[in-house]
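S.K.: task: produce atomic coordinates for the following.
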Amino acid sequence: MPSSAAPPAPRRRPGARALVQWGLGISAIVLLVAFRDRLPDFGAMWDAAARAHPAWILLVVMASAISMGAFARLQRRLLRIGGVRLTLRRAIAVTYAGNALSTTLPAGPAVSVVYTFRQFRHSGATAQLATAVILAGGVITTAAYSAIALLALLAAPQAREAALAALLAPAVLAAAAALILVRRGPRARLAAAAGRALRALLARPRIAPHVEGLRDGRRVLRPARRDWAALAALALVNWVFDILALFAAAQAVGIDIAPHVVALAYFAAQAAGSVLPLLPGGLGAIESSMAAALVALGATLAPAGAAVGLYRLVSYVAVVAVGWLAWLGLHEGARLSARTRARVRARLTVAGRAVLAGLSAAAMAMSPYAAAQNLRPPGTRRP
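M.R.: Model prediction:
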């Protein structure tokens with residue numbers, strides 16, 4: 001990839017994409033009207049959400065924040081491997097801002113990639129390093145996503161047989177290939193054929209720029225074993241804590257469901273959101289498929305809708321709001337005086353502490369320990 005250019009955005013046909021999205025949106029409206037009698041009672045969903053336990057809601061917020069922070073730390077670590085020092089505050093701001101662009105704008109993922117690339121360049125990274133960090137971060141998080149999804153399938157009795165069957169086919173092919181490659185003649189012919197096919201594939205116009213980017217990344221990014229372990233751990237934390245946020249939302253409304261079942265619902269919703277992007281951020285597809293998956297896996301309809309609503313309120317609405325504030329801070333911070341920035345930072349710190357204190361007080365007020373303490377006779381000394 002040329003060193004002076006940002007990573008190329010994938011070619012798109014805006015007209016066809018808009019037509020598909022409008023068609024899906026109109027179909028969704030027609031289905032809502034046709035099956036309105038079978039939809040969940042929104043009053044029951046609201047009652048379930050209103051009775052949600054504050055301690056679990058606090059866990060939803062904390063898990064979502066940890067998930068976003070893990071991805072920011074992953075990209076920061078990759079930049080540090082390439083020799084660029086980035087403060088944690090700026091890394092988190094870039095992560096939140098990029099997520100807001102990706103999930104709210106048309107062609108958001110491409111816009112987010114270009115924006116993140118420019119932020120890394122502004123922080124001192126070369127074009128090759130910025131590209132390598134974006135590509136490597138995507139590969140590592142995708143591998144962690146696949147590993148967690150496979151573990152969730154293996155942990156669920158209803159999906160275990162299908163997962164094992166899917167793993168059996170590659171295992172048989174690998175064993176057959178190993179038997180063939182024992183002999184020198186077939187091994188040489190197979191290697192030559194595979195080499196020709198690989199060179200032809202990598203020479204395709206849509207693949208060649210990414211291959212060149214990976215080659216540049218290999219030259220500027222050389223993680224040690226310790227770095228690989230840290231990167232893998234951060235990628236796992238990114239996904240696990242996002243799933244934990246959904247699990248906490250389910251527990252908040254009284255859904256007693258196993259963690260691997262919640263993970264299956266999570267991955268089903270992610271797949272639906274990528275296949276049926278009705279709106280930016282998977283709005284519509286993710287919520288409906290996640291609630292449907294929870295119901296199919298044992299939850300009742302109204303609490304499932306309330307749990308999904310709580311989860312998306314934090315993991316999407318709140319995260320996007322913070323992301324746009326981060327975007328504004330990254331672009332307007334340089335125009336403000338140091339005294340004004342310090343004043344704004346102090347006010348945001350006080351407001352954040354007040355919100356956390358209020359949530360903590362509410363959680364303690366709802367806990368069984370607080371209820372037991374309130375039942376003590378007057379004048380009794382506390383231990």
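S.K.: how close does the residue nearest to residue 108 when sequence neighbours are not counted get to residue 115?
M.R.: Closest residue to residue 108 apart from its sequence neighbours, by Cβ to Cβ, 6 or more residues apart in numbering: residue 102 at 4.3 Å. Quick note: C-beta positions are derived from backbone N, CA and C, even for glycine. As judged by Cβ to Cβ, to the nearest Å, residue 102 and residue 115 stand 9 Å apart.
S.K.: what are the buried residues along stretch 104-117?
M.R.: Buried residues in stretch 104-117, counted by 16 or more other Cβ atoms under 10 Å: 104, 108, 110-117.
S.K.: ignore the last one, stretch 143-163
M.R.: 144-145, 148-149, 152-153, 155-156, 163.
S.K.: now do that stretch: everything it contacts.
M.R.: Outside stretch 143-163, the residues that touch it by Cβ atoms under 8 Å, 6 or more residues apart in numbering are 164, 167, 232, 235-236, 238-240, 243, 260-261, 263-264, 267.
S.K.: can you select the buried ones from those in ChimeraX?
M.R.: Those of those that count as buried under 16+ other Cβ under 10 Å are selected in ChimeraX with:
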select :235,236,238,239,240,243,260,261,263,264,267
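S.K.: where does pLDDT dip in the stretch 1-150 of the chain?
M.R.: 1-50 (pLDDT under 70).
S.K.: helices of that one, residue ranges please.
M.R.: In the stretch 1-150 of the chain, the segments counted as helices under DSSP state H, counting those that start in this stretch are 14-34, 42-50, 54-81, 88-104, 108-122, 127-155.
S.K.: quick one: closest of those helices to residue 322.
M.R.: helix 88-104 (5.2 Å; Cβ to Cβ).
S.K.: that closest one packs against which elements?
M.R.: Judged by 3 or more Cβ pairs under 8 Å, 6 or more residues apart in numbering; DSSP states H and E, helix 88-104 is in contact with helix 54-81, helix 108-122, helix 319-332.
S.K.: for residue 132, find the nearest of those helices.
M.R.: Here helix 54-81 is closest among those (Cβ to Cβ), at 7.5 Å.
S.K.: going along the chain, name the helices of the stretch 151-300 of the chain.
M.R.: With DSSP H, counting those that start in this stretch as the criterion, the stretch 151-300 of the chain has helices spanning 157-181, 184-202, 208-220, 225-252, 259-275, 285-296.
S.K.: worst mean pLDDT among these?
M.R.: The weakest mean pLDDT among the helices of the stretch 151-300 of the chain belongs to helix 208-220, with a mean of 61.
S.K.: how about the buried residues of stretch 143-163 in JSON lines, adding distance to residue 295?
M.R.: Below are the buried residues of stretch 143-163 laid out as JSON lines (distance: Cβ to Cβ, whole Å):
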{"residue": "144", "distance to residue 295": "28"}
{"residue": "145", "distance to residue 295": "24"}
{"residue": "148", "distance to residue 295": "22"}
{"residue": "149", "distance to residue 295": "20"}
{"residue": "152", "distance to residue 295": "18"}
{"residue": "153", "distance to residue 295": "19"}
{"residue": "155", "distance to residue 295": "20"}
{"residue": "156", "distance to residue 295": "16"}
{"residue": "163", "distance to residue 295": "22"}
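S.K.: among the residues you listed, which pair sits farthest apart?
M.R.: 144 and 156 (19.0 Å).
S.K.: closest one to residue 192 among the helices of the stretch 1-150 of the chain?
M.R.: helix 127-155 (27.9 Å).
S.K.: what does stretch 238-254 rub up against?
M.R.: Among residues not part of stretch 238-254, those counted as contacts by Cβ under 8 Å, 6+ apart are 48-49, 51-53, 56-57, 59-60, 63-64, 66-68, 70-71, 74, 141, 144-145, 148, 257, 259, 262-263, 265-266, 290, 294, 299, 303-304, 306-308, 310-311, 314-315.
S.K.: drop anything exposed from those.
M.R.: 48-49, 52-53, 56-57, 59-60, 63-64, 66-68, 70-71, 74, 141, 144-145, 148, 257, 262-263, 265-266, 290, 294, 299, 303-304, 306-308, 310-311, 314-315.
S.K.: report the contact partners of residue 133.
M.R.: 75, 78-79, 82, 120, 125, 217, 221.
S.K.: number of residues surrounding the spatially closest residue to residue 120 that is not a sequence neighbour?
M.R.: Nearest residue to residue 120 in three dimensions, chain neighbours excluded: residue 130, at 3.8 Å (Cβ to Cβ, 6+ apart). By other Cβ atoms under 10 Å, 27 other residues sit near residue 130.
S.K.: hmm, residue 130 is touching residue 117, no?
M.R.: Yes. Using Cβ atoms under 8 Å, residue 130 makes contact with residue 117 at a distance of 5.0 Å.
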